[in-house]
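**Student:** model this:
(3 chains)
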Amino acid sequence: MPGSWLDELNPAQQEAATCGQGPLLVIAGAGTGKTMTLAARVAYLLEQGVRPDRILLLTFTRRAAAEMLRRARGMSGRPAAENVWGGTFHAVANRLLRIHGRALNLPPDFTVIDQADAADMMSLIRSELGLASRERRFPRKETLVSIYSRMVNAQEKLRGVLDVHYPWCVGQIDGIAQVFEQYGGHKQDSHVLDYDDLLFYWEALCSAPGVGDKVADRFDHILVDEYQDTNAVQAQILLGMRKHCNNIMVVGDDAQSIYSFRAATIRNILDFPEQFPGTRIVKLEQNYRSTLPILAASNAVMAAARERYTKELWSERPSDQKPVLLTCVDEAEQSDIVCRQVLEHLEQGIALQRQAVLFRAGHHSAQLEIELARRNIPFHKYGGLRFVEMAHIKDLLAVLRIVENPFDQVSWFRVLQLLDGIGPKTARQIMGALGIGRALPAIRDEQGTAPGLPTPLRSMVAEPPDVPPAAREAFAELRAALAHCCGVTGQPPADEDKRTAAKRRGSAPPVASQIERVRHFYQPLLERKYDNWRIRQRDLEQLEQIAARYRSRGRFITDLTLDPPTATSDLAGAPYLDEDFLILSTMHSAKGLEWDAVHILHAADGMIPSDMALSDEAGLEEERRLFYVAMTRAKDWLYVYFPLRYYRRPSGLSDKHHYAQLTRFISDPVRALFEQQTATAPIDTGEEEPISRHKVQARLKQLWTD
DNA sequence: CATTTATAAATTTTT
DNA sequence: TTTATAAATG
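**Tutor:** Model prediction:
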């Protein structure tokens, strides 16, 4: 008998949750209880006696999966829900490939590299090929990765990708093709997979004879959230996983597709019924989240979309409070008013955690962050520059990655160049001497068949190569740190040879202790490299704390690349950090979340829609959906801020500025649905703002104009 | 000759 | 604030 929790669902939600066998497509508009429905589906399946480890729940973030399983546990009262396979496509791919990768000739010790690492590898290849110094500038390494990623994810030809999305690179097509050619080999030599490989190899796993059946046979039910933001490869994976179980449920909303830059395509959700014959379609159209006025404004924004969507979102939450459009003089005033608005709600009893500030790009919140810090308002920021992308974190992790995977060229290259007197050239020499990369492929081949021979790591410890005098001391430190992390401290290397790799890992010290040792090696380099090394040191300490939760170094590294933690909120001021904090988030990272009060910054053309996205029609439409996603996060209060004036240079004496235009998404009919306020309030009695600054600047100007 | 230092330029969104 | 290029240094 189904539990009483089913009664809390509306008919459409119940239908989706208790649907029988076969493919199921759920079109779920914003705020229609999608998460609850998915959780209910999991709970229902468990009650029906489906084994938890035969359910696969694919979500956009690990957090989303955890949240859904938590709810499913609450509904079904079955702790067994913990054994449900949940996570992102990438994380699940990683897990499956660890188990079955041997069938595809994947090295058992492969590590996963993120986009920045992939970019570094592209750069490595670019300089090896001598493409860096040409008369016309070769694409940046980040651009190379983007092109490559789009190519493999959308399964398009290089030529086509360049023509459509990177027309300024078309002239360099031969060089680009050369780099990509080498890239595959370099990854293989380095025993690494990039994000795209994870999906690609999973797909390959499905179609491999023998193993393909085994993999597909692992699951009886597959549930996919946010299906509008999956790409062609991910759809192929689902098709490949269908062999035995046809019970595939996908949930999504074509109006909320915001990841086409990652080659996501709404074709997936639109074509699902054809790809999976016999699909049952359920639409969730009742919005439980937002008040009517907020919903009306959001719908009005979408009404102007090129393609109209067939859903009719409705709500039963009337309210007198329209969304508010706040026009302010400039960015400084915007920050000021956001703070005051947030605090006002806090006084009304809306905790900071139930409020969020959303913006298009990570740096759009920079001014606000300073203002929040000044007023001791704690906040957490999601999206934008993340922890693992910071140079010092990457430096330290690179050392760990070397221990985990001694063939990782990018990490060696990075770590070696940290040392005094070692640049690209010497780093390559040392790597060659250690047998890393293509310099000495013979040694690597023997490695596979004759496990007794020294790996790069062992030769590093036992017979180190020569280094420039300036680097000797630090190099010795590095060797000691590496030795410690392998667990060979104090023991003669001869003793090591007898053990298997697995045993060696077992004897390695705890991950946190490894980081502590690496930090000891890194500390002097950190202090020399950065003026603000104290702040960065705190980050490294925090990394060590995160590591303390892990038993396996490999797991730690993989988790960090597949599910990176958000940036530290140093500015919030640690002493004042209490339980409650305001949420700052990019619009992308806000997907699937909701708050009582939502503040949207920079509703100006050029910010949203972003200038970068305006090159084609599709880009503009995606920006519109993005704005729609941001608006529909709000339950009771929605504030949209529009600064009139932007300064060209954020700092500096020139007071050049330009006037902004209200975002084109708030057209006149849309604007009528907002309550409009102009912030003319006297600003912060303590110090007047831009006016006095201009006076000072004018006075300074006289010094050189007269 | 390779590395370091100085200078200029650029800067969406994320697994 | 990071990153590519140019000049300077050891």
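**Student:** After the helix or strand of chain A with the lowest mean pLDDT, which helix or strand is next?
**Tutor:** Between all helices and strands in chain A, the lowest mean by mean pLDDT, DSSP states H and E belongs to helix A:441-449, at a mean of 40. Remark: after helix A:441-449, the chain's next helix or strand is helix A:456-462, criterion DSSP states H and E.
**Student:** Next, the residues that contact that next one from outside, please.
**Tutor:** A:402-403, A:406-407, A:412, A:434-436, A:454, A:465, A:479, A:482-483, A:486, A:488, A:493, A:496 (C-beta atoms under 8 Å, 6 or more residues apart in numbering). Placement of C-beta: from N, CA and C, glycine included.
**Student:** And for stretch A:388-402?
**Tutor:** A:111, A:114, A:116, A:387, A:408, A:410-412, A:414-415, A:418, A:457, A:478, A:481-482, A:485, A:514-515, A:518-519, A:521-522, A:525-526, A:529-530, A:536, A:539-540, A:543, A:553, A:556-557, A:560-561, A:564-565.
**Student:** Now do the contacts for the residue of the stretch 201-350 of chain A found nearest DNA strand C.
**Tutor:** Proximity of the stretch 201-350 of chain A to DNA strand C (C-beta to the nearest atom of the strand) peaks at residue A:331, 17.2 Å away. Applying C-beta under 8 Å, 6+ apart to residue A:331 gives the contacts A:367, A:643, A:646-647.
**Student:** List buried residues within those.
**Tutor:** Buried members of these, counted by 16 or more other C-beta atoms under 10 Å: A:367, A:643, A:646-647.
**Student:** Flag whichever of these scores worst on pLDDT.
**Tutor:** pLDDT across the buried ones among the contacts of residue A:331 is lowest for residue A:647, at 72.
**Student:** Any buried residues in stretch A:605-621, and which?
**Tutor:** For stretch A:605-621, by 16+ other C-beta under 10 Å, it's A:606-610, A:613, A:619-621.
**Student:** near DNA strand B, from those residues?
**Tutor:** When the buried residues of stretch A:605-621 are filtered against DNA strand B using C-beta under 7 Å from any atom of the strand, the residues retained are A:610, A:613, A:619.
**Student:** For residue A:233, pull up the helix or strand it's in.
**Tutor:** Using DSSP H and E, residue A:233 maps to helix A:232-241.
**Student:** Paired strands for the next helix or strand after that helix, with orientation please.
**Tutor:** With elements assigned by DSSP H and E, the helix or strand that comes after helix A:232-241 is strand A:248-252. Strand A:248-252 has the following strand partners under DSSP bridges: strand A:24-28 (parallel), strand A:221-224 (parallel).
**Student:** can you give me how far strand A:248-252 is from the chain middle?
**Tutor:** 22 Å (C-alpha atoms, centre = their mean, to the nearest Å).
**Student:** Looks to me like residue A:665 is in a strand.
**Tutor:** No - per DSSP: H, G, I helix; E, B strand; the rest coil, residue A:665 lies outside any strand segment and is coil.
**Student:** what about it, how many neighbours?
**Tutor:** Residue A:665 is flanked by 23 other residues according to other C-beta atoms under 10 Å.
**Student:** if we can go back for a sec, mind putting the contacts of residue A:331 into TSV with secondary structure and distance to DNA strand B?
**Tutor:** Converted to TSV, those look like this (DSSP: H, G, I helix; E, B strand; the rest coil; distance: C-beta to the nearest atom of the strand, whole Å):
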residue	secondary structure	distance to DNA strand B
A:367	helix	15
A:643	strand	18
A:646	strand	13
A:647	strand	13
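**Student:** closest to DNA strand C among these?
**Tutor:** Distance to DNA strand C across those (C-beta to the nearest atom of the strand) is lowest for residue A:367, with 13.3 Å.
**Student:** The residue lying closest to residue A:31 once chain neighbours are set aside in helix, strand or coil?
**Tutor:** Closest residue to residue A:31 apart from its sequence neighbours, by C-beta to C-beta, 6 or more residues apart in numbering: residue A:289 at 3.0 Å. At residue A:289 the chain is in coil, as set by three-state DSSP.
**Student:** I'd guessed residue A:289 sits against residue A:34; true?
**Tutor:** No - judged on C-beta atoms under 8 Å, residue A:289 makes no contact with residue A:34 at a distance of 10.5 Å.
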